[in-house]
Structure formats: C-alpha cells, structure tokens
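[1] Fold the following and give me the result.
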Amino acid sequence: MTTSPAQDKRFRQMLDAAPDAMVVVDQRGRMVALNREAERLFGWTDAEVRGEPSSRLIPQRFQQVYDALSVSDAESPGTPPKRAPVRIFARRRDGSEFPVEIHRSPLGPSKQAQFLVTIRDLTEWRVVQESLFRQKEQADVTLASIADAVITTDVAGTITYLNPTAERLTGWRTTEALGQPLATVLPLVSDATRQPIESIPARCVREGRAVDLADGALLVRRDGTEVPIGDSAAPLYDRQGSTIGVVLVFHDVTERRRTARKLSHQATHDALTGLVGRKEFEERLARVLAEAAAGAVEHALCYLDLDRFKLVNDSCGHEAGDDLLRKIGGLLAGRMRSRDTLARLGGDEFGILLEYCSSTKAEEIAGKLQRAIEDFRYVWRGTSFSLGVSIGVIPITAASGRPADVLRAADEACYAAKDVGGNRVHLAQPEPVPGLQQQVESRRIVRLTRAVDEGQFQLYAQAIVPLTPDHPARPRCEILLRLPDERGGVETADSFLPQAERHRLMPAIDRWVVRQTVALLSRWHRDHPAFELPLCSINLSVSSLDDPDLVPAVREYLGEHQLPPGALCFEITEAAALGNFAQLVRLIAEIRATGCGVGLDDFGNSLASFVHLKALSVDYVKIGGHYVRGVADDPVYGTLVSAINEIGRIMGIVTIAEEVESETILEKLRGLGVGYAQGHAVAPPMPLVNSDGEVALPHVQRSGEAKT
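    As a prediction, this is how the structure comes out:
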C-alpha cells in the first residue's frame, strides 16, 4: 500500500503518541518502525533495528509462544486475529528481561498488509500480581503440604505458571506447558475406577471457593507413569474481587504420608534420643493421676538431672553432648519395666513414670539407675568422662494434684539432691519435711535475685555467620546469659532460667540483659567508630510478652546510651508465639516501632507455625536445632528445613539454622540455601567482655571492608 509523506508523518505521530511500545512488522516478521516508547523500553533506536526480525526482542524460550501470534494471522488473513494477547517476557538491548503483554493485529485487509505489534510493559502489573499471589500462596501452600508443586491457570483452565516442582512432578517444562489446558498437563484418573476426574479448577471457579481433590487420585505423568497425589485449588482474585484464575497446590501423597508419620512420631517423642517427649509424658502423667484419684493405687515419678554434663558439652561441643544424651537414654531405657515411661524432659533432664510402684520400690529403682550412670564412662575422641545423676522421687497418690504440681515437686526433689552434692537419690515425702524444699528453692531464688540486683550475670556473644560469604552481610551475633557458680565456672541459662520463670524473675532479668547489652554496645561503638555496628539478638522470655514496662525500658536505654535501635533484634520462641498469639502481634508492633528488629526462635515445631508466620512481621526465623541436627542423615528433615527456608525467601525473611555442630551439617545447609548458621561448627560463645575488660564482638570489621 502506497502512502503519501503526509500520511506517513501522521501515522508516525500516532505511533509516538501511544502510551505502549509499538512495533510495525512486515509479512516476514521484520521490523519496519518503532515508536518512541518502544525505543525507550528496549534501548534500540528505530534506525538500529529496522529490517531486523521482531523476534530479536523476545528471549529464545518464548519464541514458540510469540510465533503462535503470526500463525493466527496466517490462518485468518484480513480478519482480526482470534488469538488473545499473550503474556511472556521481552528482552532489552542490554540483555535484561521484563514481563510484557503482546498483541498483534494487521494494518489493513490486504494479504500484504503490515502488522502492528503492541507491547505493554507488565513489570508493575506483575509486582502487584505476585504480591496478591504470595498472600494466597503463603496460606494455601503451607496448609496443604511441605513438598509442594504449584500451577496457576486463568479462568478458562489454561496454564499460566508452573513452579520447578510442578515441572518435575508432571514431566512438563514451563515453556511447553504455558497456554496448554490443565487437563493436558495434569491429567487425573481415579485409582478405583480408572475414569478421568473432573477438572478441579473448573469446580473451583464454579463454586467460587477453595476445593480439595478427593482421595484416590492418580496423576498420569507425561511419560505415562502414575503418581498418587492430593491437591487443593483456590481462586485468585484481582483488586476488584473478580476471579482471574486458580492456583493449584499438589504433592505426592506417599511422601506426605511418610512425613506425616514422621511428624506424628516427633510430636510424641524427643527428636534427639527417640524417647517419649515432654508433652506426651505429661499426658501419660495426667492419665496416671486420674487412675490414682479414682482408687487406692500408688505410682511414682522420678526426675533425673545429669551431673557434670555441662563439662562434656562445653569442652567437646554440642555434638558430643547430643551423643552423650543418646547413650544415656539407651542406658536408662534398658533398665525400664514394661509399663514404665522414660522421657527426655529437656536439656539433660529425664523423667520416669513408674506405674503401680510404691515409694520404696521407686527409690530402689532410682538407686540402681544412679549407680548405673555413676559406673558409666563416656569416651569422646579419646577423652573419657565420668558422670553422675541427681534423682528426685515423688509418690503419686490421690492427693498429688495436677500434673504440673507433681512435676514441680519432683523437680524440687531433684534439686534437693543436687543441692547437697548431687549424684544421689532424694525421696520426697508425701508431706515434706517442714521448710527443707522451701529452703533449697529459696536459696536459689535469692541467688538469682542478687545476680540481677548486683549485676552478677555475665553476657556471652555467639557469632551468626552467613553461609554465602561472597555476598557482603552485616555482622550478627546472639547475646547469651551466664551465671558464675561457686566453683569458678559458669552456668548456662537453661540451668537457672526455669526457676527464674517460675518465680516471675524473668522480666527483670530480660531488662537487665537489654540494659547491659545496650551499654556495652554503645561503649564499643564509641571506641570503634570505623567498624560496622553488628546486629545483636536478645532472647525474650514468655513472661516478657505481658510486661508493659519492657518496650518503654528499651526506649529509655537506647536514648540514654545513644545507641542506634537497629543494633538490636529481639528473639521470641515459637512456643511463646503460638501460645499467646494476639499478645505477641501487639508486642512485635511495639518493638518494631522502636526501630529494633524481631526474630522467631526455634521455628518449625508444627505446621501451624507456617500458618501464623504470615501474620507476624519478623525479620528472621531460627530453624529449630532438632531439624538442623537431622539434615545430614534424614531426607525428611532436609525437606522440612528447605521448606522453611523457601517460605522465608518468599516472605523476605532471613533464615538462620541454630545448633550447627558439625561441618557435615554446615555443608548440607549451604546446599539447601539457608542464609545463616549458628553453632559450635561456626563459632563458640565467647564472653562479651574479655579478661582485659574490653568489649569483644565476634566477626566485626571496618565499614566497607570485604568479608572473608
């Protein structure tokens, strides 16, 4: 078609006035003209690409989708193309890619007519859509499964996205599956009838709600093999609330059932020793108490606390400590009666529930256990250790009260044994000797109170190190609490904090830790202005969730010492988070208002934690040590750690693996993409104030220095 210069000028003016990028192509697909927006968007001038194939603007993996536009033109010359605009990626001059919507239409009815290709930049649209998808994905994906595949479709059931897991499970690559009907890529048949199963996206759109696939569904993979799966689907909505598609989350049911069995066992058993866990132990204790209250029957409970365990743990590391706990668990388990329950209650503490056992018989059994541990020798890499055990024995009768009361009495009996030298059995009388246990407990509480008032605690710091050292990262560490003992050593927090928690001393201890940390960090910052101020994490107790004075005190300390609030991050355990969720949300908001960060410690104890994580505005999560220790040997734990890390990546939350005690575990975590690691394999805890009275922070450096 011949046009005059004036017509060409007007056409060019219309092209340049368009808000979208426009490219005129000829019948062979070669570019004839680019408007100004296309020049800006792609970085080429009209003169530079004139005569070049328009496919030059499209990455190779999307060529097939792009070429389909011209196929539609060829099939229907002279009429508007039937094919809808496609959404793919385009490529700029510098090689960078960005999402676009491409529409192609003829410039006239002639078979020789040129075509106008309209290219709309979808970068901002994609950001909005990804935000909407993440909000839905974070809830649906975590509720449905851990090892999950994701497919999204439009309302017609045409595939718009596959994640890598979906590619592996279906056998379809994303470039091949995009634009295909879901039934082609995800054909489902009933295991019982071998008949096709109704399209779950169609049902989801029809019913306007999330739906689940019935049991017994088989996915017929592209290579013809079959995989039993379970899935769910939920609508995707735009800003106006209209349904724009469906997201499907599906997984191999066999693996899910194996994982569920693993999690079920973990819920009732200790991951380290394989013994019954504290929760299950308390449930069995409640049953025994009910039996005792209903008739004249007597049971007994033994509370065991290892002596000199800390020596092994501190001198050889947590790997040796864990190995020792497993061996002690096996030693005790071999001496149990058939109806007895042996449990690890936490740390180096064990509980034994002796059913249908008199106090005299229980004391006899406890004595045998004490002697067995006393005779046991633990050898770690050529070094031999002898141990002892303090055992408290408490009878369980109709007058024993609640499970918490019995456990507390047994705990106090255990400390009575430890307080007079340890490595012995103390039988608590049904009516205790007046004042004996109270005196023992009172001495411990007086000591803790004096430690707060007189500043007798010590602060340690343990480095938290990035697992990708090629990327610069701000130094991190965790502040740890220690208490000097009468023999010149130091007690770790787990040896005295349970008593402090019971007697409501924790809010005062938490504030002491914050005050001292702020003062020492401020002093260090003034003395080392050229060094980057590290991010220091401080643990908060359950009691501090309800302490109205905590956040005002934090503000006061920061202002008094002129310390940037970004130097502090407060850690709250997952158990505290899920136990007082509404209060936690309020506290996190108040802490973040001060400028300090917030982290979630010991994360991943249950699937419910994933559900709540979306509502918690935290900067990082610490993956529970019981998962981290298992990644080297158990693929299920590796899957769980990987899932926590992936959820963190989606939500923009840093992941930290704690209790990293070996190079093997460290390398496995690197392979899983975990962000940071903390543990003896990385760096042991060190005093925050060294022997010269100087503040010593781990892994700090001058601002701008490269990290090694």
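
[2] Could you tell me how many residues sit around Trp44?
    Residues within reach of Trp44, counting by other C-beta atoms under 10 Å, total 18. C-beta coordinates here come from the backbone N, C-alpha and C atoms, glycine included.

[3] sec struct for it, please.
    Classification of Trp44 by DSSP: H, G, I helix; E, B strand; the rest coil places it in coil.

[4] Quick one: residues contacting the residue lying closest to it once chain neighbours are set aside.
    Closest residue in space to Trp44, ignoring its immediate chain neighbours: Arg93 at 5.3 Å, by C-beta to C-beta, 6 or more residues apart in numbering. By C-beta atoms under 8 Å, 6 or more residues apart in numbering, the contact set of Arg93 is Phe42, Gly43, Trp44.

[5] Leu587 now?
    By C-beta under 8 Å, 6+ apart, the contact list for Leu587 reads Leu545, Leu550, Val551, Ile572.

[6] try Phe98
    Phe89, Ala90, Arg92, Asp121, Leu122, Thr123.

[7] Can you list the strands that the helix or strand containing Asp305 pairs with?
    Following DSSP states H and E, one finds Asp305 within strand 299-307. Sheet pairing of strand 299-307 (DSSP bridges) gives strand 349-354 (antiparallel), strand 388-396 (antiparallel).

[8] Show residues contacting stretch 8-26.
    By C-beta under 8 Å, 6+ apart, stretch 8-26 touches 3, 31-38, 40-42, 54, 57, 107, 114-121.

[9] whoops, I mixed them up, stretch 180-194
    151, 153, 157-159, 162, 170, 172, 177, 195-197, 199-201, 213, 216-220, 222, 226, 228-229, 248, 250.

[10] Now, these that are in strands?
    151, 153, 159, 162, 217-220, 226, 228-229, 248, 250 (DSSP state E).

[11] Mind picking the one among these that's closest to Leu289?
    Pro228 (43.4 Å; C-beta to C-beta).

[12] Same list, the strands paired with strand 299-307, but as a markdown table with mean neighbour count and mean pLDDT please.
    Shown next, in a markdown table, are the strands paired with strand 299-307 (neighbours: other C-beta atoms under 10 Å; pLDDT from 0 to 100):
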| stretch | mean neighbour count | mean pLDDT |
| --- | --- | --- |
| strand 349-354 | 24 | 94 |
| strand 388-396 | 26 | 92 |
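
[13] Quick one: these as CSV, columns for distance to Val674 too.
    Compiled in CSV, these are given as follows (distance: least, C-beta to C-beta, whole Å):
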stretch, distance to Val674
strand 349-354, 29
strand 388-396, 36
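
[14] Of all those, which one is nearest Ile656?
    When those are compared (using C-beta to C-beta), the closest one is strand 349-354, at 26.0 Å.

[15] Give me the contact list for the strand or helix carrying Asp323.
    Remark: Asp323 resides in helix 318-333, with elements defined by DSSP H and E. Applying C-beta under 8 Å, 6+ apart, the external contacts of helix 318-333 come out as 272-275, 304, 306, 309, 312-313, 342, 344, 348, 350, 352, 369, 372-373, 376, 378, 380-381, 385, 387, 629, 659, 661-662, 679-680.

[16] Could you rerun that using 6 Å?
    Residues from elsewhere that reach helix 318-333 (C-beta atoms under 6 Å, 6 or more residues apart in numbering): Leu272, Thr273, Leu275, Val312, Asn313, Leu342, Tyr378, Trp380, Glu659, Glu661, Ser662, His680.

[17] following it, which helix or strand shows up next?
    strand 341-346.

[18] Packing partners of that following strand?
    With contacts defined as 3 or more C-beta pairs under 6 Å, 6 or more residues apart in numbering; DSSP states H and E, the packing partners of strand 341-346 are helix 278-294, strand 349-354.

[19] Deepest-packed of the ones you listed, please.
    Comparing the helices and strands packed on strand 341-346 by mean neighbour count (mean count of other C-beta atoms under 10 Å), strand 349-354 comes out on top with a mean of 24.

[20] Tell me which helix or strand comes right after that strand.
    Counting by DSSP H and E, what follows strand 349-354 is helix 359-375.

[21] can you tell me the average pLDDT over that next one?
    Averaging pLDDT along helix 359-375 yields 91.

[22] Give the other helices and strands that it contacts.
    strand 388-396, strand 425-427.

[23] contact partners of the one helix or strand Asp601 maps to?
    Counting by DSSP H and E, the element that carries Asp601 is strand 597-603. Strand 597-603 is touched from outside by 569-571, 573-574, 588, 591, 618-624, with contacts defined as C-beta under 6 Å, 6+ apart.

[24] same check, this time on stretch 338-357
    Residues contacting stretch 338-357 (C-beta under 6 Å, 6+ apart): 270, 273, 275-276, 278, 281, 284, 299-306, 309, 332-333, 336, 362, 494.

[25] what comes up buried for that stretch?
    340-345, 347-355, 357 (16 or more other C-beta atoms under 10 Å).

[26] Need the distance between the two termini of that stretch.
    12 Å (C-alpha to C-alpha, to the nearest Å).

[27] List the contacts of the very next helix or strand once past the strand holding Asp305.
    As assigned by DSSP H and E, the chain's next helix or strand after strand 299-307 is helix 309-316. Applying C-beta under 6 Å, 6+ apart, the contact partners of helix 309-316 are Ala320, Gly321, Leu324, Asp348, Trp380, Phe385.

[28] pLDDT of helix 309-316, averaged?
    Here the average pLDDT along helix 309-316 is 83.

[29] again, but for stretch 44-51
    90.

[30] How many residues are close by the closest residue to Gly230 other than its chain neighbours?
    With sequence-adjacent residues excluded and distances taken as C-beta to C-beta, 6+ apart, Gly230 is closest to Val253, at 4.8 Å. Using other C-beta under 10 Å, the number of residues around Val253 comes to 21.

[31] can you tell me how far Val253 sits from Ser190?
    14 Å (C-beta to C-beta, to the nearest Å).

[32] before we move on, the earlier item: adding distance to Ala451 as columns, could you present the contacts of Arg93 in JSON lines?
    JSON lines is the format used below for the contacts of Arg93 (distance: C-beta to C-beta, whole Å):
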{"residue": "Phe42", "distance to Ala451": "68"}
{"residue": "Gly43", "distance to Ala451": "66"}
{"residue": "Trp44", "distance to Ala451": "71"}
